[in-house]
Each structure stands twice: as structure tokens, then as C-alpha cells.
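Novice: No letters, just coordinates:
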């Protein structure tokens, strides 16, 4: 089953140079990809880093790190999370690291400062990383560049001011369909799965059906993801409703940002049961912490 995770990782694995170019704002010509490496980050103390690309810049090996986020990160908050990734990567690979976080949903990443700071006398710490909010990126520029690895992300990017959302998605599909790639259904499937973050599955399938010959193949990518996304949204709504009924009225609003940042359906199902059993906000907070991994 296709997912957001496999969709963007597939593009990095097959088109890493496009993501190197993104990191450096398409302004460098003296950096080339060596390999996409499997991160060795611990999976208990911190989540696994999404992608590390080893590259050569001015005859020096460097790492380019990309972390993809559908929503904001609250536990831990993104600056602390990124600081952990960066320091761990430097420790493991002993190479300079260029770190980036990419926010997929339009409402995510607004408050990410792109920096972790600790301000203590003689113990100051400052770790910076680059923040990309796709909704702020010029999607037409990416289409014009024919950046193969980034085109599947364009439905989530800023569209031309004279174009509505459906017209923009149609243009993204037309451009993607014109790209020469080995597996066109898989490529369009990645665009469809990522597009499902802001477009409903039926609209996606209708447009792809009208613009390409790949509609039957795309169903296998879109339908399972759409069903799971719907199940996540329903489970979140049920949890919030239970919290509002069982606990004080503002409990649901208190926990809403944290729940919206959770994409793991099985974890949400466990939290649904915890909400039914919770006698206080502290009980549910404990359940959140116990189900953090």
C-alpha cells in the first residue's frame, strides 16, 4: 500500500539530485550525489531520520538530510527533534550536515523557527536547519524546471494566482504525465498520494482519468491511502468528542494539536480506548506518553 512516507522516499531514492538542488535553492553546480544512505538513527530514543543523501561539494563529502512532516511536531517539538537528528548524524558519519525539514500540509510549519537554541551563560547552544513549507514554494517554477523528483509534490505548492485548485492539480498531472520515467503509474501514484493531503480522492481519480491513460493503475495507489486517511480523521474526531464529554469541556481543544500531529492509525485507535477510560486530563496525558513510540 502506498503512503506519504513511501511516496516521498521513492522520489528521493530515484531522483536525489533534485533534492540536493532544493536544499541549495537550485543555486549550486559544484555538488553531486554520491549515494542515498540508510540512516543509523536509534528508533527508540528518537524517531528515525527520513533521508540522508551523501554528496560531494568542492571535493568534500557532506550529508544532506531531509525530514518530511505532514503536520507539526509537538512531542518533541521540531527544533529539539531536528537538533537530535543533526548531532546524531554528525556523530555517526563524522561529516558536515545540511539539514532540512519539509512541511507537506498547508497549515503545518508556520511556527517552526528553523533553529534549536539553549541560552545559558557559557553553555549556549544554537543548531540551525532549513524550513521548507511547500505551500510557500512556487509550484509553477518547479514544473518549468522539469524537476522530476519534485513534480509529485507540486499539488501541495503555491499555485498561480489566476488558477483555481482543480485547474492547478490538472496542470500538475499533465506535466507529470509528460515526464519520461520508467514506471509512469508509480510516478503518478506518488503525485496522487501526496495530492490526497489537500484534494479528495475522487477529484484526483477523475482528473488523472481525464488527463492520462493510467487511471486503473492509479486506483491501487490512491484508494487504500484515502481510506486510511479517512479512518484517521474519524478516529481523531471520536477521541476529541469523548474527551469533551468525559473531561472538562476545553480538554478536547487542549489535546487537539497533539492528536492532529499523530498519523499512526493504530496509535490513534489505542488512544481512542484510552480516552474512554480516562478519568482526568492527566490520565490521557499519561496515555499519550506511553503510546509515544
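Specialist: Received, thanks. Just so we're clear, the structure is a prediction, and the values are computed from it rather than from any experiment.
Novice: Retrieve the pLDDT associated with the residue nearest to residue 73 when sequence neighbours are not counted.
Specialist: Nearest residue to residue 73, sequence neighbours excluded (Cβ to Cβ, 6 or more residues apart in numbering): residue 81, at 5.6 Å. (C-beta placed from N, C-alpha, C; glycine too.) Per-residue pLDDT puts residue 81 at 92.
Novice: Residue 81 against residue 72, yeah?
Specialist: No: using Cβ atoms under 8 Å, residue 81 is not in contact with residue 72; the gap is 10.9 Å.
Novice: Near residue 30, how many other residues are there?
Specialist: 9 (other Cβ atoms under 10 Å).
Novice: show me what contacts it?
Specialist: Counting by Cβ atoms under 8 Å, 6 or more residues apart in numbering, residue 30 makes contact with 57, 58.
Novice: What's the per-residue pLDDT of it here?
Specialist: Reading off the model, residue 30 has pLDDT 82.
Novice: Then residue 27?
Specialist: 79.
Novice: Can you tell me what sits against stretch 246-254?
Specialist: By Cβ under 8 Å, 6+ apart, stretch 246-254 touches 240, 241, 243, 244, 275, 276, 278, 279, 280, 281, 284.
Novice: can I get those residues in CSV with neighbour count, distance to residue 118 and secondary structure?
Specialist: Conversion of those to CSV gives the following (neighbours: other Cβ atoms under 10 Å; distance: Cβ to Cβ, whole Å; DSSP: H, G, I helix; E, B strand; the rest coil):
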residue, neighbour count, distance to residue 118, secondary structure
240, 18, 34, helix
241, 12, 39, helix
243, 26, 33, helix
244, 16, 37, helix
275, 25, 35, helix
276, 12, 39, helix
278, 20, 34, coil
279, 9, 37, coil
280, 12, 33, coil
281, 15, 29, helix
284, 24, 30, helix
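Novice: Same list (these) but as TSV, adding distance to residue 6.
Specialist: TSV is the format used below for those (distance: Cβ to Cβ, whole Å):
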residue	distance to residue 6
240	29
241	32
243	32
244	35
275	30
276	32
278	34
279	40
280	39
281	36
284	31
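Novice: can you map out the helices along the stretch 51-200 of the chain?
Specialist: Here the stretch 51-200 of the chain has its helices, by DSSP state H, counting those that start in this stretch, at 78-93, 139-145, 165-177, 184-195.
Novice: Would you mind giving those helices as JSON lines with mean neighbour count and distance to residue 12 added?
Specialist: As requested, the helices of the stretch 51-200 of the chain are arranged in JSON lines below (neighbours: other Cβ atoms under 10 Å; distance: least, Cβ to Cβ, whole Å):
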{"stretch": "helix 78-93", "mean neighbour count": "19", "distance to residue 12": "16"}
{"stretch": "helix 139-145", "mean neighbour count": "17", "distance to residue 12": "15"}
{"stretch": "helix 165-177", "mean neighbour count": "19", "distance to residue 12": "17"}
{"stretch": "helix 184-195", "mean neighbour count": "24", "distance to residue 12": "11"}
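Novice: Which one of the ones you listed lies nearest to residue 7?
Specialist: Ranking the helices of the stretch 51-200 of the chain by distance to residue 7, with Cβ to Cβ as the measure, places helix 184-195 first at 4.2 Å.
Novice: And the closest one, what does it pack against?
Specialist: Identification of packing neighbours for helix 184-195 by 3 or more Cβ pairs under 8 Å, 6 or more residues apart in numbering; DSSP states H and E yields helix 4-14, helix 165-177, helix 201-211, helix 215-246.
Novice: Now the weakest link among those, please, by mean pLDDT.
Specialist: When I compare these, helix 215-246 is least confident, with a mean of 74.
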